[in-house]
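Chemist: just a sequence and a predicted model for now, questions to come.
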Amino acid sequence: MKTLEELRKIRDKAKKEMQLRNSEYRIKVVVGMGTSGIAVGARDVMKAIFDEVTKRKLDHVLVAQTGEKGLSSMEPVIDIIEKDKSIVTYGHLTPENARKIIVEHVVNGRIVSDFVVATKTNLEV
Amino acid sequence: MADNQQFDNILYRKLGKVIEEKKGLKNPLIEILHSAQKIFGFLPEEVLNYISEKLDLPLSKLYGVITFYSKFSCQPHGKYLINICTGTSCYFGGSQQLIGRLEKELGIKLGETTANGLFTLSSLRCLGVCSQSPALVINNDTYGCVDSIEKIREIISRYKL
Amino acid sequence: MSDKISDILICFCPDCVSRGAGKIKELFQTSLIKHNLSNDVNIIETGCMGTCDLGPVLTIYPEGYVYIKIKPEDVEELVTEHFLNNRPVSRLMLPDTFGKSLIKKIDIPFHRKQMKVIMENCGVIDPGNIEEYFATGGYETLAKILLEKSPEELIETLKRSGLRDREGGGFPSWQKWQYVLEAQDDPKYIIVNAEEGDPGVFISRALLESDPHRILEGMITAAFAIGAVQGYIYCRNEYPLAIIRIKRAVEQAREYGMIGENIFNSGFSFDVEIRRGAGSFVAGEETAVISVIEGLRGEPISKPEFPATSGLWKKPTLIHNVETIANLTTIFSKGASWFSSLGTNSSKGTKIFALSGAIRNQGLIEVPFGITLRELVYDFGGGMKPGKNFLAVQLGGPSGGCFTSQHFDIKIDYEFLQEQGITLGSGGVIVLDDSSCLVDLARYFLEFTVTESCGKCLPCRVGLRKMLEILNRITNGEGELEDLNRLESLGSKIKALSLCNFG
């Protein structure tokens, strides 16, 4: 890539992708996979989420990873991102309660308040 | 190479390849020692002789570097190296207790290897998971909040011969 | 960009619904529209909050207030009082005496009071995917700089921003750039140091793992400003994941032409190599890092051989730690005056602190300089863990110091720490409770420095050992009064006679 225009094109495309616009996915589950998360079981949480999403054939759900937000003592942490809705961050997760969140929040649309550690407004274009 | 060579030629070929790859870099000694330790598990004398020959560096200089860094070892260790973090947070977050529990559980002291060659117990300064003390790392897997004997047993049980 | 400031979480469990949660939600919607608040307040249906006999229940973020037994006629009052007049409606609030907190209220200030500048992408984007970094506007600042700016302009901007190195005593960053730019020798090098130099901090690790391209972009910018063609990232071997992520980032950046020949057709070429440490703490010292990259024992070199004039392979070398580098792109995109509006007189911008120890919330926080210990411990840390009493805060690692509650309200910046005779280290904040002993802490740090001392300087190698012997005597209850004088005298001599800050 050699020009600013090319860079901006990629930027706009990637931005839409991240905000689930023009995307086949409607919900994104993002798992914090920094060392702090992994050290207290983020890998097992990720596996459980994958498993639940596959088992229930949730084709509209994208499972992704990110680094760490700094909430080390609340790890493992996940974000649930939906178009036009607040981002909900869950913490202190185990594979079991991660499954519960997939069922309650992702499938039934109800926030599981026991594990919420933060909410944040989704960015809009 | 001498006839009474202790290690497999395949391993030497691997190391030789790494050295060829990295020789072009400026002063790649530490990177090469990392690779050698990964290939052989530790840094035995004959491997050091080999590196010293290939890089045209005096053996004394190699030893100078190796003894300076805690990561390099001239002694073989078990299949899994358990390193307990003794950084400030972990020290005050129970790393001494963790060491005691592990010593008891594995029946060895810090610095020793279990009879079956599975685990070596060691310590290092700070894994960078200070908010999850006490922490340990087994080879490249980091575990935080290892604050009970149950957790220790659960973690240890994941590693088998 | 919308800027919704509050969320109302309404419990929609069958029980609350049977008690009229649906009607409450409708009334909120109408009332928010009436008061022109519908763009500022989100309404979210949630699963059971576990207090079915108190329903309908709702929680309002960011404050985390829980309101119970809401009747239709309460809604208007909540909207006008809570949102318009900023007065919580205490008669509807969950009583404090209620045993179990519904939602972890303590966590809330941890997020809301932070100012995420250099950590803005951490825990948001996928660090393994350069396109997500592009999506945040990544590498645009670099492109503009390479095409439009001169090194002198960059150094001028950096000078006006007031950025100081995020380690040790906080050397002005622009001055280092100036020295290297002016040095009459080729080639020039840049090193990004991911050694924390402080056991209790993991800022470099988190930044490299979570937003590696920000570090690369900053590094390439700095390289351009000083005219370096080759850079090294020195990473602790104890951070395997950080090494994997930054290596991957370098590959991707090369693929997209952000590293390599003639970047953005600007005529500027630059390459990066990753070098690993091998488990040695003194290797955080700048000149020692140079020794490690040169493949030698990681010992510091005697000054005044500054790296800026005689660094890596005796060539002019710019060396910054990861956090310092992470500030650069923000400074050049948002401008020097924006940056210098944050912080205090002596210390501009934000600082990441690593909170750990006997507090509830632990982790990394980013705040402007000038934060107080009280805020660190109580607002962000959420106070002491249950049953623990505050003893002291250890700031700045082995070369730092301890503070008790009498220092609670002093604003932390480079100036204050300098007055106290200590360095910020790289931002470690360890909160100790009264089960720890301060002499034991001192003994721990001494033991640490004794084992990690590189052994080059005699006062540090032998003197520290003697100090440790005395302290061991004291912790064993065999101390004499004269020991205190001996410690003080040894301490000041070691400090004066050793090469680096370690002694």
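Modeler: Nice, I can see it. Numbering: from 1, shown residues only, chains lettered A, B, ... in the order given.
Chemist: and residue C:26, what element?
Modeler: Residue C:26 belongs to helix C:21-34 when assigned by DSSP states H and E.
Chemist: and whichever helix or strand comes after that helix with helix C:21-34, angle?
Modeler: Scanning forward in sequence from helix C:21-34 by DSSP H and E, the next helix or strand is strand C:41-46. Angle of strand C:41-46 versus helix C:21-34, following axes from the mean of the first three to the mean of the last three Cα atoms, to 10 degrees, is 170 degrees.
Chemist: spell out, range by range, the helices that occur in chain A.
Modeler: A:4-18, A:35-39, A:42-55, A:95-101 (DSSP state H).
Chemist: which residues does whichever strand or helix holds residue C:190 contact?
Modeler: Using DSSP H and E, residue C:190 sits in strand C:188-194. Strand C:188-194 is contacted by residues C:180, C:204-205, C:208, C:215, C:219, C:222-223, C:226-236, C:239, C:242, C:284, C:286, C:289-290, C:293, C:307, C:311-313, C:315-322, C:325 when judged by Cβ atoms under 8 Å, 6 or more residues apart in numbering or on different chains. Just so you know, the C-beta spots here come from the backbone N, C-alpha and C atoms, and that holds for glycine as well.
Chemist: one more time with 7 Å, if that's ok
Modeler: Contact with strand C:188-194 is made by C:180, C:204, C:208, C:215, C:219, C:222-223, C:226-228, C:230-236, C:242, C:284, C:289, C:293, C:311-312, C:315-322, C:325, as judged by Cβ atoms under 7 Å, 6 or more residues apart in numbering or on different chains.
Chemist: equivalent analysis for stretch B:141-161, please.
Modeler: The contact list for stretch B:141-161, computed with Cβ under 7 Å, 6+ apart, reads A:35-36, A:38-40, B:80, B:94, B:98, B:101-102, B:105, B:116, B:118, B:127, B:129, B:132, B:134-136, B:138.
Chemist: one more: stretch C:381-393?
Modeler: Contacts for stretch C:381-393 (Cβ under 7 Å, 6+ apart): C:106, C:110, C:355, C:358-361, C:373, C:377, C:402-405, C:429, C:431-434, C:436, C:438.
Chemist: the same query, at a cut-off of 8 Å, please.
Modeler: C:106-107, C:109-110, C:355, C:358-362, C:373, C:376-377, C:402-405, C:429-436, C:438.
Chemist: so which of those residues reach chain B?
Modeler: Among these, proximity to chain B is found for C:355, C:362, C:430, C:432, C:436 (Cβ under 8 Å from any Cβ of the partner chain).
Chemist: quickly note the distance from residue C:133 to chain A.
Modeler: 9 Å (Cβ to the nearest Cβ, to the nearest Å).
Chemist: and if you look at residue B:46?
Modeler: Applying Cβ to the nearest Cβ to residue B:46 and chain A gives a distance of 36 Å.
Chemist: that residue: how many residues sit nearby?
Modeler: Residues lying near residue B:46 (other Cβ atoms under 10 Å in any protein chain shown) number 16.
Chemist: need the residues of the stretch 301-450 of chain C near chain B, please.
Modeler: So far as Cβ under 8 Å from any Cβ goes, the stretch 301-450 of chain C lies against chain B at C:313, C:354-357, C:362-363, C:394, C:397, C:428, C:430, C:432, C:436, C:441, C:444-445, C:448.
Chemist: which of those residues fall in strands?
Modeler: Among these, the ones falling in strands (DSSP state E) are C:354, C:355, C:356, C:357, C:363, C:394, C:428, C:430, C:432.
Chemist: buried among those? Make that a ChimeraX selection.
Modeler: Only the buried entries of those go into this ChimeraX selection, using 16 or more other Cβ atoms under 10 Å in any protein chain shown:
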select /C:354,355,356,357,363,394,428,430,432
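Chemist: which two from the ones in strands among the residues of the stretch 301-450 of chain C next to chain B end up farthest apart in space?
Modeler: C:363 and C:432 (17.6 Å; Cβ to Cβ).
Chemist: distance of residue B:38 from residue B:158?
Modeler: Using Cβ to Cβ, to the nearest Å, residue B:38 is found at 21 Å from residue B:158.
Chemist: ok, residue C:273 - contacts?
Modeler: Counting by Cβ under 8 Å, 6+ apart, residue C:273 has contacts B:25, C:230, C:231, C:232, C:233.
Chemist: would you mind giving those as CSV with distance to chain A added?
Modeler: What follows is these, written out as CSV (distance: Cβ to the nearest Cβ, whole Å):
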residue, distance to chain A
B:25, 27
C:230, 22
C:231, 20
C:232, 22
C:233, 16
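Chemist: highest neighbour count among these?
Modeler: That'd be residue C:233 among these, by other Cβ under 10 Å, with 29 neighbours.
Chemist: just checking, it touches residue C:220?
Modeler: No: applying Cβ atoms under 8 Å as the test, residue C:233 and residue C:220 come out as separate, 11.8 Å apart.
Chemist: list of residues touching stretch B:35-52?
Modeler: By Cβ under 8 Å, 6+ apart, stretch B:35-52 touches B:1-2, B:5-7, B:11-12, B:14-15, B:18-19, B:22, B:32-33, B:57-59, B:62-63, B:66, B:71-77.
Chemist: buried subset of these?
Modeler: Buried among the contacts of stretch B:35-52 by 16+ other Cβ under 10 Å: B:7, B:12, B:14-15, B:18-19, B:32-33, B:57, B:62-63, B:66, B:71-73, B:77.
Chemist: from the residues you listed, list the ones also adjacent to chain C.
Modeler: B:33, B:71, B:72.
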